[in-house]
Every structure is written in C-alpha cells, then in structure tokens.
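Colleague: this one's sequence-less:
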C-alpha cells in the first residue's frame, strides 16, 4: 500500500515538473545585451516567452510477422508473366556461356601482360621516374592491377562453373 502511494506521488511530481518545464520559459537580457533562456524569471531584464504546445504523434505499430516467421509474404508470379520456351532458354544460356568464355580469355591475356610488365615486383624504370617514390607508386599501382585482374579471372571461372 505504501509503495502504491509513493509511486503515485512520484508520478504526479514527474508530470507536474514536465508541465512546468514546458510552460514557462523566460528570455533574459543582461546589461551587455547577452541573451539567455531560463526557467525562472526573477532577475531583472527577463520576459516570459509564450511557446506553442508540444505536439506528439504516436508511432505506427509494427507489422505482424506471419506465423511461418518470414517477414515478407510470398507473392505468386502473375499468370501473364512472359516465359521463354526451352529452346530459347538453351540458346540464351549458350550465348551467355560464350560471352563469359570470351571475357575469360581476354582477362587471362590481360593478366599475362600485366604480370610480364610487373616483372615479379620489379618493373623496369621509365625515363620520367627519376624520383624513386614515383617508381614505387607505379609499382604499387601495377600490383593492384594484377590483383584485380586475378580476382576477375577467378570470378569469371566461378560464373562459368555455375552455368554447368
């Protein structure tokens, strides 16, 4: 019983203090012209400021998750959705395989050229690279190009393997 009474007084105290904080604000200007906002206006140069009430909007409720645990319900494909017949799909797959094979050959050739130019981390110095820092910068850039090309070759091989 005592706990309920104490809780009621505490809630009433919090509510009344929040109402006071929201309802009374004073703008005080000192002799130097500095402005200061306060919640008490007992000092000289303070005027009460009328503020609009606080507007609160309730947050929308979260959507109910389906009993299956999926967040999004499955939507069936429309009945008029275009479908390719078996022969057309096989032709598309064959074209895709050929395109990927061509890209793989080009990328492997590019990688071979980059590795040859990179020369195992010691590319030949060019005439404009009198500064060793410029040489190191070019070598680092070449190393990145080789690594990128190696990743491209790996990705193309994975993609071709997924087609089979």
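Modeller: The structure has been received and is ready for your questions. Note that the structure is a prediction, hence the values are computed from the model and not measured.
Colleague: Pull the number of nearby residues for residue 127.
Modeller: Applying other C-beta atoms under 10 Å, we find 5 residues neighbouring residue 127. (Each C-beta comes from the backbone N, C-alpha and C, glycine too.)
Colleague: Show me where this structure has its strands.
Modeller: Here the chain has its strands, by DSSP state E, at 25-29, 35-38, 46-49.
Colleague: how about those strands in TSV, adding mean neighbour count and mean pLDDT?
Modeller: Supplementary listing: these in TSV, determined by neighbours: other C-beta atoms under 10 Å; pLDDT from 0 to 100:
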stretch	mean neighbour count	mean pLDDT
strand 25-29	15	87
strand 35-38	11	86
strand 46-49	12	87
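Colleague: Those strands: which one's closest to residue 161?
Modeller: Closest approach to residue 161 among these (C-beta to C-beta): strand 35-38, 68.4 Å.
Colleague: List the strands paired with that closest one, with their directions.
Modeller: Applying DSSP bridges to the sheet, strand 35-38 is found paired with strand 25-29 (antiparallel).
Colleague: ok so, going back, can you tell which of the strands of the chain is closest to residue 138?
Modeller: strand 35-38 (60.1 Å).
Colleague: So in the protein, where's the weakest helix or strand by average pLDDT?
Modeller: Across the helices and strands of the chain, the lowest-confidence element by mean pLDDT, DSSP states H and E is helix 2-23, at a mean of 49.
Colleague: count of neighbours near residue 145?
Modeller: When neighbours are defined as other C-beta under 10 Å, residue 145 has 16 of them.
Colleague: which residues touch it?
Modeller: The neighbourhood of residue 145, defined by C-beta atoms under 8 Å, 6 or more residues apart in numbering, consists of residue 114.
Colleague: Adding distance to residue 146, write the strands of the chain out as CSV.
Modeller: CSV is the format used below for the strands of the chain (distance: least, C-beta to C-beta, whole Å):
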stretch, distance to residue 146
strand 25-29, 66
strand 35-38, 63
strand 46-49, 68
